[in-house]
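Engineer: Next come a sequence and a model predicted from it.
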Amino acid sequence: MSAALESWYSLRDLMALAERGAVLEGTIDLARFERLKELLNSSEGSARARIAFRRSHDDVLLVELECEAALELICQHCLDPMRHEVRERVDFAVAESEDSLAVVPEGMESIALNGERFRPATVIEDELIVSLPLVPRHGDDKHQET
């Protein structure tokens, strides 16, 4: 487990990280992701993540997230376990509130803190959940009739 990814950060903390061009990286056991593990066949293994902070020329806090994990799901065709490889890279802007989102570059994902703190592990879990297929299924070669 990486303490830096599990910690909570205020907007001020995040701006300081961005000012330094800081990078947080490490691994988190899949079993620590409460929402994700309910969707998995097994919560064994871990997710590896890297989060880099910077400020745009408009003074917007920008975050680059890279994460990867091997997730075990249940194939909805044969009901056998299957492996789902995740390799995600997402850029997003962090704003203090919904009102502040107007300065976020167009086409970029955003997170509004609304007075709350930022926890990298929560964002990593969100991205892993979003990466899951709606209907998990082995590749076509696994289910072809012979």
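Structural biologist: Thanks, I have it.
Engineer: in this structure, which residue is closest to the centre?
Structural biologist: Centroid-nearest residue in the chain, with Cα atoms, centre = their mean: Ile124, separated by 2.4 Å.
Engineer: who touches stretch 129-140?
Structural biologist: With contact meaning Cβ atoms under 8 Å, 6 or more residues apart in numbering, stretch 129-140 is reached by 35-36, 39, 71, 73-78, 80, 82, 84, 86, 88, 143. Placement of C-beta: from N, CA and C, glycine included.
Engineer: Give me the average confidence score over the host helix or strand of Asp126.
Structural biologist: Element membership of Asp126 [criterion: DSSP states H and E] is helix 120-131. Average pLDDT, helix 120-131: 94.
Engineer: same thing with stretch 22-36?
Structural biologist: 96.
Engineer: got the end-to-end distance for that stretch?
Structural biologist: The first and final residues of stretch 22-36 sit 27 Å from each other (Cα to Cα, to the nearest Å).
Engineer: So which bits of it are buried?
Structural biologist: By neighbour count with 16 or more other Cβ atoms under 10 Å, stretch 22-36 contains the buried residues Leu24, Gly26, Ile28, Leu30, Arg32, Phe33, Leu36.
Engineer: following the host helix or strand of Glu72, which helix or strand comes up?
Structural biologist: Taking DSSP H and E as the criterion, Glu72 maps to strand 61-74. Note on strand 61-74: by DSSP H and E, the next helix or strand toward the C-terminus is strand 81-95.
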